[in-house]
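Undergrad: Any chance you could fold what I've pasted below:
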Amino acid sequence: MLARVTGGKSTIHMTPPGSPLAFPDTATPGRVIAHRGASGVAPENTLAAFREGARQGARWVEVDVSLLGDGTAVLHHDATLDRCTDGTGPLTQLGARDLAGLDAGSWFGPGFAGEPLPTLEQTLDLLEALELYANLEMKPHGAPPAPIARAVAAALAKRPWTASRILISSFDLDALAALGGLMPEQPLAVLYEPPPNDWPRVLKRLRARSLHVEDGELDEDILARASAEGFHVRVYTVNEPAPVLRFRDAGLSGVITDHPPLFLDDPGWARWARDDQAG
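TA: Presented below is the predicted three-dimensional model:
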């Protein structure tokens, strides 16, 4: 399947039957992904959280990308400011010029007072400096998918290294189709809580290589089907290693966690995390 974004709408074209399927994905060592940065000890989706994730030894961070009203891409999970900043109301009421007045750290603790709400551009610059890989989750928040896909594609296109170090994910299949149409070689992952039975068909249609699934929904059947189809499986958000231990050597490609040291400080998990074949 290919998609083209024109005039704010994405048009999806199915790959003809029998056509070879390309499954682009990152090829990187490290399987432990710091969820919204090291969000167990720093305010989520902030530069401080990404620095802390790197300090803890994580090679990956997971980040959420949303749009302000003027189309600026920022790192923020929710559609509103209330939970993770000192502001209130929808993100769409803000533009880039309003960011200087926001505090995205004090809600977490006084030591993070004044932490900015980062733009995607600032985040990519920091990831490059720290030599981190990232799972970038697009959050359209119910809006048409084309604007966020264009904003993400524009930021990535400025930085050739992102093709091999940034994995784009979303629950919104239309957003993934739109991004894939703009950047056919950019690695994609489909996010599910409970995945539908036909999830391999969905991934193939989107030319995605990875399935990201909620920890309570992961089972041996998913891993077996992924292995047979050539897909990677990552699980979120895992803050207790024991329940997923049985999946560790059964084909699991990554764990997304608020607390990377839970895995990186454990010898068995640390050996697994260093496996360069994780993809």
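
Undergrad: Now for the nearest residue to residue 114 once chain neighbours are set aside: which residues touch it?
TA: Sequence neighbours aside, residue 103 is the residue nearest to residue 114 in space, at 5.9 Å (criterion: CB to CB, 6 or more residues apart in numbering). Placement of C-beta: from N, CA and C, glycine included. Residue 103 makes contacts with 85, 86, 113, 114, 115, as judged by CB atoms under 8 Å, 6 or more residues apart in numbering.

Undergrad: now swap in residue 70 and tell me
TA: Contacts of residue 70 (CB under 8 Å, 6+ apart): 94, 95, 96.

Undergrad: Residue 257: which of these is nearest?
TA: Comparing the contacts of residue 70 against residue 257 with CB to CB places residue 94 closest, at 30.1 Å.

Undergrad: Let me know how buried that closest one is, in neighbour terms.
TA: Using other CB atoms under 10 Å, residue 94 has 22 other residues around it.

Undergrad: now it: how far from residue 75?
TA: Separation of residue 94 from residue 75 (CB to CB, to the nearest Å): 14 Å.

Undergrad: Going along the chain, name the strands of this structure.
TA: Residue ranges of the strands in the chain, as given by DSSP state E, are 2-6, 9-13, 32-35, 60-67, 73-75, 133-138, 166-170, 188-192, 210-214, 232-236, 254-257.

Undergrad: okay, the ones you listed in TSV with distance to residue 223, mean neighbour count and mean pLDDT next?
TA: Formatted as TSV, those follow (distance: least, CB to CB, whole Å; neighbours: other CB atoms under 10 Å; pLDDT from 0 to 100):
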stretch	distance to residue 223	mean neighbour count	mean pLDDT
strand 2-6	29	16	34
strand 9-13	29	15	34
strand 32-35	17	28	98
strand 60-67	20	26	98
strand 73-75	31	25	98
strand 133-138	19	24	97
strand 166-170	18	26	97
strand 188-192	14	22	97
strand 210-214	10	23	97
strand 232-236	6	24	97
strand 254-257	12	27	97
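
Undergrad: So for residue 156, which of the ones you listed sits nearest?
TA: So among the strands of the chain, strand 166-170 is nearest, using CB to CB, at 6.3 Å.

Undergrad: now residue 241: how far from residue 68?
TA: Counting by CB to CB, the gap from residue 241 to residue 68 is 37 Å.

Undergrad: List the buried residues in stretch 142-155.
TA: Buried residues in stretch 142-155, counted by 16 or more other CB atoms under 10 Å: 145, 146, 147, 148, 149, 150, 151, 152, 153, 155.

Undergrad: hang on, the earlier thing: ranking the contacts of residue 103 by neighbours, who comes first?
TA: That'd be residue 85 among the contacts of residue 103, by other CB under 10 Å, with 24 neighbours.

Undergrad: show me what contacts that one?
TA: 76, 102, 103, 104, 107, 117.

Undergrad: Just give me the neighbour total for residue 96.
TA: 14.

Undergrad: give the contact list for it.
TA: Applying CB under 8 Å, 6+ apart to residue 96 gives the contacts 68, 70, 72, 119.

Undergrad: give me that answer again for 10 Å
TA: Contacts for residue 96 (CB atoms under 10 Å, 6 or more residues apart in numbering) come out as 68, 69, 70, 71, 72, 73, 74, 119.

Undergrad: Can you pick out the most distant pair from these?
TA: Taking CB to CB, no two of the contacts of residue 96 sit farther apart than 69 and 119, at 14.0 Å.

Undergrad: Looking at those two, which is more packed in?
TA: residue 119 (18 against 13).

Undergrad: Residues that sit against both of residue 94 and residue 75, list them.
TA: residue 117.

Undergrad: before we move on, the earlier item: residue 241 and residue 68 - which one has more neighbours?
TA: Using other CB under 10 Å as the criterion, residue 241 and residue 68 rank with residue 68 on top: 22 against 16.

Undergrad: Next up, phi/psi of the more buried one, please.
TA: Main-chain dihedrals, residue 68, degrees, to the nearest 10: phi -80, psi 170.
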